[in-house]
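Asker: Model the following, please.
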Amino acid sequence: MKTKVNEIFLRRKFKLVLNRGSSELSLTHLATVTHNIQQLGFMFSAEVLEILSTFSINELADFYSWIAPQLKKLTGADLVCEPMYTNFPTEVMEMSEAELYLNAIFHYIGDAIGVRIMPRSIKKERLPLLDMTDAKIINLGTMQEFSDMFKNLMNANSSISDTDKKDLNWYIKQATGLNEILPMEVRYKENLTFLAGLVLKHIPEQVGALTRLFKTATDVLRFAVTLSEGDVSLAAVTEFKPFKRSERRFLLDLLEGCKTITEDMLRYKGRWIRLGERLHPGEYRARYPKCMEAFDILRNNRPFATFNSKLESAFKEENLEKAFALLKTRPGELARKLDKLIRMNNNEWEFKTIAQELKKCAPQIATPVLLQVMTHFKHRLDSNQYRTFLPKGSLAKVWVMDNNKEKISRAFCETIVAICSKILYFRFKELPKLGKVYLDENLKDYLVPFSQRSASAGFKTVVRGSKLPIPAGDTVRFFIHWDQNEETGRVDLDLSAVLYDENWGYKGHMSYTHLKSDTYQAYHSGDITSAPNGAQEFIDLNMPSMVRYGARYLVANVLSYTQQPFNTVPNCHVGWMMRQFPKSGEIFEPSTVVNKLDLTADTTICIPVIIDLVEHKIIAVDLALKRSPRWNNVENNMRGISATGLAMTSLVKPNLYDLLKLHALARSEYVVRNKEDADVVFSAEETPYDVDTIIAQYL
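Answerer: So this is what the prediction gives:
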């Protein structure tokens, strides 16, 4: 069994590559393994079971000893430890506020003097787990599917996550040659420069196969950032490493080979000046005259009129003709500035001119940009009070501001939507046919994965703002786990949950200061303030009781009380289970885990999910905050948790249904009503999680 291949394949796709054995296994042994796997929340497909039935007992034992720890790690069951109250939630229900308070005080004093003081309680026998859960199916895969997964990542038309990058690093390291695995074109520049860095690291003699794709100075800047292990999105400033002489010449070779570099370098002037201090272009002035000229302009502030400065001047002068003439030379910028152009001169004649130009240049505009423009104008006249932005960068964050854009004609909006839709239709029509397609309308709740760079590694990863149905059960049980070591010192993470009404007015919270509620059914397992042997906290929240109390939204929150950033804390994760009978089973039951996210952001606050208690939906958030949130309302300067909640619940972004519907209309024989009749199935149960396929083959 290819251990590393299967570790990655299982984690990413719930698939395994297995070879048939040469024995015939007894059904008893196979049933035992299957039962144990089901306790972890998984089930083997018929194809996997058929292959396992050919294993010898020793082969099956080796397989089980490998896969059980892998599945436990996926759900967080590999790091289970006792919370403060070992008979949670019953113990917290039955204790008085005074008892809970005194237990907390003794625990805090103990940690202060280096003595572990926990409440005295005998672990009681619990009922067996009564909850019925849907197991996650582990399917049979092939090496071709495994390779295609990485080809998709390399050919992605959006950014990829840190987990994707780690897996790609392993894949490139194993490669013996690049001709068979590299795509003809790497469409997304961040991915191009990252991939080139991996090739330079592992197969330096073949890096030319990728560097031929470098077209702009910004491509070279991203490459230098990649070599310095910085933020390739350029959202954050990178401290460049001291480059070897060969690396300096290599970067200058790339820069000299780009067509026009000065204007592009001025976009990131400060960074190029700092990079120039590492590259020493003056040592090679005769060899790289174009580089020398560009660095001289940057360092000495010599005048140079850029596209952006000309455009800004045109907008400032309200000179539509001048702005329009500039934007026609850059179709992508024209699409992004379309709304502003229309608002500058909102009359029918000018609009027709703009629309005609958009038609001409739309084939040169990237699919993600067209999709976003189409969605923007589709919802341009919606009565949203606020506008929400998710800035690029390795840190997941959100901005919200008043929606004070002036109105434009509905006919204008509909025309722009029609133009974008038509261009995308004919673009997709050139792709391979799909046959008969099944398209699930529930995909309207799932957003298109335009950016995955800051996505946390999770049991199941979906795009921020997507809305998932809540599995069966009235009680959601949140959990966090963390460890500490000599390097971190004492680590104290706090798990809390905040309730808001439909207008984002504060209704209450559960935290280390408030372990149980008198008005709705909610219980906290107790505040553990260090983790010498690992620590866990839980919160149980009964959703129907909170709805009766007038709550609409439930926001989960994790705070690093001792201020260590999450990316420095060992084995740090958050997750949630669904329970109908929370007093049955163990406190941590892996089969009931809905999702688990590794906390790896360079921040001390995280909001993993929001639950819409009325619509019964989980809203994927996975956002990191820099400042401590307040229990506030929307009117209080739009800060903290309520601002984040409002932003994520009012997000307007392209959804998977609209994208895949265009593909179905352009590429299918016809759309069928039943999955069984389809050649290609787009379902809410599977499609949103097949991110690498979406970003490579449908964007």
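Asker: CA only for contacts and neighbour counts going forward, please
Answerer: Fine.
Asker: What segments of the stretch 51-200 of the chain are helices?
Answerer: 57-75, 90-94, 97-113, 143-154, 162-174, 189-202 (DSSP state H, counting those that start in this stretch).
Asker: Same check on the stretch 551-699 of the chain?
Answerer: Under the criterion DSSP H, counting those that start in this stretch, the stretch 551-699 of the chain carries helices at the ranges 640-649, 656-667, 691-693.
Asker: Go through these and name the closest to N87.
Answerer: helix 640-649 (30.8 Å; CA to CA).
Asker: helices or strands up against the closest one?
Answerer: Here helix 640-649 touches strand 386-389, strand 399-402, strand 617-625, going by 3 or more CA pairs under 8 Å, 6 or more residues apart in numbering; DSSP states H and E.
Asker: Give me the angle between that helix and strand 617-625.
Answerer: 130 degrees (axes from the mean of the first three to the mean of the last three CA atoms, to 10 degrees).
Asker: What's the mean pLDDT across helix 640-649?
Answerer: Per-region confidence: helix 640-649 scores 78 on mean pLDDT.
Asker: same check, this time on stretch 249-266
Answerer: Stretch 249-266 comes out at a mean pLDDT of 92.
Asker: coming back round to it: tabulate the helices of the stretch 551-699 of the chain in a markdown table, adding columns for distance to G526 and mean neighbour count.
Answerer: Formatted as a markdown table, those follow (distance: least, CA to CA, whole Å; neighbours: other CA atoms under 10 Å):
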| stretch | distance to G526 | mean neighbour count |
| --- | --- | --- |
| helix 640-649 | 22 | 23 |
| helix 656-667 | 41 | 21 |
| helix 691-693 | 37 | 23 |
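Asker: how much space between the residue minimising distance to the centre of the chain and L597?
Answerer: Nearest to the geometric centre of the chain sits A455, at 2.5 Å (CA atoms, centre = their mean). With distances taken as CA to CA, to the nearest Å, A455 is found 9 Å from L597.
Asker: Quick check: D231 vs V463, distance?
Answerer: 20 Å.
Asker: and these two? which has more neighbours close in?
Answerer: Legend: neighbour count by other CA atoms under 10 Å for D231 and V463, higher for V463 (22 against 18).
Asker: Give me the phi and psi angles of L439.
Answerer: Here is the backbone geometry of L439 (degrees, to the nearest 10): phi -120, psi 120.
Asker: What's the per-residue pLDDT of it here?
Answerer: Looking at L439, its pLDDT stands at 97.
Asker: Quick check: closest non-adjacent residue to it.
Answerer: Closest residue to L439 apart from its sequence neighbours, by CA to CA, 6 or more residues apart in numbering: F682 at 5.0 Å.
Asker: hmm, back to that, which residues sit in contact with the nearest residue to the residue nearest to the centre of the chain once chain neighbours are set aside?
Answerer: Sequence neighbours aside, S161 is the residue nearest to A455 in space, at 5.7 Å (criterion: CA to CA, 6+ apart). S161 makes contacts with 452-456, as judged by CA atoms under 8 Å, 6 or more residues apart in numbering.
Asker: try 6 Å this time
Answerer: By CA atoms under 6 Å, 6 or more residues apart in numbering, the contact set of S161 is 452-455.
Asker: Those residues into CSV, with extra columns for secondary structure and distance to G473?
Answerer: As requested, these are exported to CSV (DSSP: H, G, I helix; E, B strand; the rest coil; distance: CA to CA, whole Å):
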residue, secondary structure, distance to G473
Q452, coil, 30
R453, coil, 33
S454, coil, 30
A455, coil, 27
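Asker: E676: how many residues sit nearby?
Answerer: Look at E676: counted by other CA under 10 Å, it has 10 neighbours.
Asker: scratch that, S26
Answerer: 13.
Asker: next one: N152
Answerer: For N152, the tally of surrounding residues (other CA under 10 Å) stands at 18.
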